[in-house]
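Asks: the sequence and its predicted three-dimensional model are supplied below.
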Amino acid sequence: MRKVKRIVTGALASALALSLTACGGSKPADTTENTTESAKDVIASATDTAKAGPVDADPSIDFEDGKFDFVKINTNKGGADNSELSIEDFGGSKALKVTNVDGGNMFLGINVSALLGDAVADLATVQFDIGTESSDGNFYSTSGVIYTYTGTDLAETKAGPWSVYIDTANPKTAFAEVSGFVAGSDNYIIISKETDVAADKGVGAQNFYIDNIALLDADGNTLTADSSVAFGSPAGFSAGVDRSNLFGVKKAVNFEDFTASADAWAQDGKDMPQEIIAALVPGSVVEINYTSETGNMWLVFPDASNGWTRVGVGDTDGSGQQYSYMNSSRTVAQVTFEQIAAVLGEDVSKWGARMQCESDGPWEVTSIKVGEQTLNYALQDVVEFEGFEASADAWAQDGMEMPQEIIDALVPESVVEISYKSETGNMWLVMPDAEAGWMRVGVGDADGSGQGYAVCDGEKAFVTYEDLAEICGSDVSKWGARMQCESDGAWEVYGIRVGMPGQFVPTNKYIDLEASVSADAWAQDGVELSDEAIAALVPGSYINVQYTSESGELWIVLPDAEAGWMRVGVGDADGSGQGYAAYNGSFVQIPYEMIAQYCGDDVSKWGKRIQFEASTPWSVSGAYIGLTDEVASTASAGDAE
């Protein structure tokens, strides 16, 4: 039966209790003064468009079994927060808690195709209980949208708004009438939180709880859902860490218990343990997970032999130093050994015992690790390992027999990409039937073998053909018929692909093109280039674009080039057989050299417009020209001349 929700536990429950006490048990005072105009608009829209209200239906999902692998956070949509998921007590029962981490919008994906199987075609109404929780225990209104992704092309539709705008109706039952779901097409929905009065008032973004998800057919009957399923990897759904502008990292060592926060231009940190000091070697990189009001982040070494020193600050403090590498979302920063050595010298013993963080706005760091720099892969000419899904406990293996197309794709220089999660963040392959014997590949020293490490970021792992050949020999026919996965913590793999190793090149100087455009399939839209942007287009520079598209592809168009209207990075999508840009479904990078191949080396002949295009509906949320310190210095010298 449907569970009855009363009120969120914890801080929110305490706030309501205080309110009731103050009113002697009478109706609490109206708190709608916290509702912004945008929230009111959403509420009005909900009232205007609603054809019916929520019904008293048994839920398809009530979270009492503790399972929630069928949901995943989408971090690719505009202003998205890298939210965390957990099952918590909520008004006397279990509910899914979505915890805001980075202060941004929140997008919770629910794979209704996985939950319902073929019955997804009967889905006509989605309803659920939703409650919000602020960090100060007070009530603030909030609202969002229920999106559907339906059909074979996963077309996006705003099915309806939701809002929680009165303290006495928190939690509230939200609903939307939906249609267009097709069996076997990996259709899903997203519940977003995009208006948050608490965040607007500087209190901090609110968390929310979801419970009693009822998936109903046209007659109002509850459809049966299998809560044990995994979310999987629907096309166009991006739930990965934003690795743009970053190095790949392998053989990572975690700086245990590193958490810190401070105001603008204030520092905080910890003494470095011996394992971190030992990991700081040439070719290593310090990776920082953080939030900051300005988006900037760098390191401070307060006890260095040559004095208190910032590293990676760039010109933010007027020093003209090198900038740290920061992803497009400004949630991950990297500072290389070479950047530190350029300021403090190569003798790590003279860097001092303490590592601190700093920004020019209030900031928080949630973790630091140090690892070896490696390629940031963006696979091309990809072959999907159809149907590969597996999971197991720590040090247990599971997998499938390799189809012929995967065996054929395993050629020199190819790369195996694994989409996964694991308790430790580690992942590698096992080839159980290799002629050389039962073999782990990419395990590193996790099993004491001292083997080479796979490249892992906690969500994607990469094992190269050369890694496999080193262990199993170069003859693929002797690797055996099965490919398995394994980790040193409980793990799950959602998919495997094999492709050739395109790569993203880290950049740490940017010229913002201020792009926010969208269009239908094979339609173009874009921006005019400023004189500063045109001057930055030099050899070694890159055009970097944040985007979404149903196909996962995106490229640029130069409509005014003297060489003619020109696509660049389209690959063979238009039948031209051109080179593909490096892309991963949310980020695309196009080098100067690729543009010059089609438009010539003289940038003045490229025209002053850059447009974007894809073979399916697409949206660009940001674009910029990226450079490295060396390239930026060369460009500046050229300008000076």
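Replies: Thanks, I have the structure now.

Asks: which SS state does Asn212 fall under?
Replies: Secondary structure, DSSP: H, G, I helix; E, B strand; the rest coil: Asn212 is strand.

Asks: where does pLDDT dip in this protein?
Replies: Applying pLDDT under 70 to the chain picks out residues 1-52, 76-82, 102, 233, 235-241, 632-641.

Asks: can you pull out the helices in the stretch 401-550 of the chain?
Replies: Ranges of helices in the stretch 401-550 of the chain, per DSSP state H, counting those that start in this stretch, are 404-409, 465-472, 531-536.

Asks: equivalent analysis for the chain, please.
Replies: Using DSSP state H, the helices of the chain run over residues 11-22, 37-49, 112-116, 197-200, 274-279, 337-344, 404-409, 465-472, 531-536, 592-599, 629-640.

Asks: next one: the shortest one to chain centre, how far?
Replies: Going back to what we said before, that points to helix 197-200. The gap between where helix 197-200 is centred and where its chain is centred comes out at 23 Å by C-alpha atoms, centre = their mean, to the nearest Å.

Asks: neighbours around Asp531, how many?
Replies: 8 (other C-beta atoms under 10 Å). (C-beta placed from N, C-alpha, C; glycine too.)

Asks: same thing with Gly552?
Replies: The number of residues packed near Gly552 is 21, by other C-beta under 10 Å.

Asks: that one contacts Gly585, correct?
Replies: Yes - using C-beta atoms under 8 Å, Gly552 is in contact with Gly585, at 4.0 Å.

Asks: any idea how far the spatially closest residue to Gln546 that is not a sequence neighbour lies from Val335?
Replies: What sits nearest to Gln546 in space, not counting adjacent residues and going by C-beta to C-beta, 6 or more residues apart in numbering, is Gly622, at 4.3 Å. Separation of Gly622 from Val335 (C-beta to C-beta, to the nearest Å): 23 Å.

Asks: the more surrounded of the two?
Replies: Shown here are Gly622 and Val335; by other C-beta under 10 Å, Val335 has more neighbours (24 against 17).

Asks: right, and that one touches Val311 too?
Replies: Yes - using C-beta under 8 Å, Val335 is in contact with Val311, at 5.8 Å.

Asks: what touches both of the two?
Replies: Listed as contacting both Val335 and Val311 by C-beta atoms under 8 Å, 6 or more residues apart in numbering are Trp298, Leu299, Ser324.

Asks: so Trp606 sits against Leu558, correct?
Replies: Yes - if you go by C-beta under 8 Å, Trp606 and Leu558 touch, sitting 5.5 Å apart.

Asks: which residues do those two both contact?
Replies: Applying C-beta under 8 Å, 6+ apart, one finds that Trp606 and Leu558 are jointly contacted by Ile595, Cys599.

Asks: residue contacts, Glu466?
Replies: Taking C-beta under 8 Å, 6+ apart as the criterion, Glu466 is in contact with Pro412, Glu413.

Asks: distance of it from Phe504?
Replies: As judged by C-beta to C-beta, Glu466 and Phe504 stand 20 Å apart.

Asks: do the same with Glu413
Replies: In this view, Glu413 and Phe504 are 17 Å apart by C-beta to C-beta.

Asks: now the strands for the stretch 301-450 of the chain?
Replies: Secondary structure of the stretch 301-450 of the chain (DSSP state E, counting those that start in this stretch): strands at 309-311, 325-326, 332-336, 354-358, 363-374, 376-377, 380-384, 390-392, 398-401, 415-422, 428-431, 439-441.

Asks: how far does the longest one sit from its chain's centre?
Replies: Meaning strand 363-374. Computed by C-alpha atoms, centre = their mean, the chain-centroid distance of strand 363-374 equals 16 Å.

Asks: partner strands of that strand, parallel or antiparallel?
Replies: Applying DSSP bridges, strand 363-374 is found paired with strand 248-254 (antiparallel), strand 260-262 (antiparallel), strand 284-292 (antiparallel).

Asks: a markdown table for these, including distance to Val493?
Replies: Shown next, in a markdown table, are those (distance: least, C-beta to C-beta, whole Å):
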| stretch | distance to Val493 |
| --- | --- |
| strand 248-254 | 18 |
| strand 260-262 | 33 |
| strand 284-292 | 23 |
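
Asks: tell me which of these lies nearest to Gly450.
Replies: Closest of the strands paired with strand 363-374 to Gly450 is strand 248-254, at 11.0 Å (criterion: C-beta to C-beta).

Asks: Provide a list of residues in contact with Glu528.
Replies: Counting by C-beta under 8 Å, 6+ apart, the residues that Glu528 touches are Lys608, Arg609.

Asks: distance of it from Val517?
Replies: Applying C-beta to C-beta, the value for Glu528 to Val517 is 12 Å.

Asks: contact partners for Ala121?
Replies: Taking C-beta under 8 Å, 6+ apart as the criterion, Ala121 is in contact with Phe181, Val182, Ala183.

Asks: can you do 10 Å?
Replies: Shown in contact with Ala121 (C-beta atoms under 10 Å, 6 or more residues apart in numbering): Ser113, Gly180, Phe181, Val182, Ala183, Gly184, Ser185, Asn187, Asp217.

Asks: swap in Gly526?
Replies: Counted by C-beta under 10 Å, 6+ apart, Gly526 has contacts 513, 515, 517, 519, 556-559, 609-613, 620, 623.

Asks: can you rerun that using 6 Å?
Replies: Arg609, Ile610, Gln611, Phe612 (C-beta atoms under 6 Å, 6 or more residues apart in numbering).

Asks: just give the number of residues close to the first one.
Replies: Arg609 is surrounded by 15 other residues when neighbours are defined as other C-beta under 10 Å.

Asks: that one reaches Asp560, doesn't it?
Replies: Yes - the pair Arg609 and Asp560 passes the contact test of C-beta atoms under 6 Å, sitting 5.5 Å apart.

Asks: burial count for Ala573?
Replies: For Ala573, using other C-beta under 10 Å, the count is 17.

Asks: run a quick neighbour tally on the closest residue to it other than its chain neighbours.
Replies: Counting by C-beta to C-beta, 6+ apart, Ala573 lies nearest to Ser615, which is 5.1 Å off, once chain neighbours are set aside. Residues near Ser615, counting by other C-beta under 10 Å, number 17.

Asks: contacting residues for Ser615?
Replies: Going by C-beta under 6 Å, 6+ apart, Ser615 touches Ala521, Ser551, Ala573.

Asks: dump these into JSON lines; add distance to Ala57 as well.
Replies: Listed next are the contacts of Ser615 as JSON lines, based on distance: C-beta to C-beta, whole Å:
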{"residue": "Ala521", "distance to Ala57": "38"}
{"residue": "Ser551", "distance to Ala57": "36"}
{"residue": "Ala573", "distance to Ala57": "44"}
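
Asks: what is the nearest of those to Val370?
Replies: Val370 lies nearest to Ser551 out of these, by C-beta to C-beta, at 37.1 Å.

Asks: ok, the closest one - how many residues close by?
Replies: 17.

Asks: just Asp447 next, same as before
Replies: Neighbours around Asp447, by other C-beta under 10 Å: 13.

Asks: ok, Ile406 next?
Replies: 21.

Asks: which non-adjacent residue is nearest it?
Replies: Nearest residue to Ile406, sequence neighbours excluded (C-beta to C-beta, 6+ apart): Phe385, at 5.2 Å.

Asks: check Glu256 too.
Replies: Excluding the flanking residues, the one nearest Glu256 by C-beta to C-beta, 6+ apart is Pro273, at 6.7 Å.

Asks: again, but for Leu429
Replies: Among residues not flanking Leu429 along the chain, Val441 sits closest, at 4.6 Å (C-beta to C-beta, 6+ apart).

Asks: now Ala394
Replies: Of all residues not flanking Ala394 in the chain, Gly489 sits nearest, at 5.0 Å (C-beta to C-beta, 6+ apart).

Asks: quick one, what contacts that neighbour?
Replies: Counting by C-beta under 6 Å, 6+ apart, Gly489 makes contact with Ala394, Ser422, Glu423, Thr424.

Asks: many thanks, have a good one.
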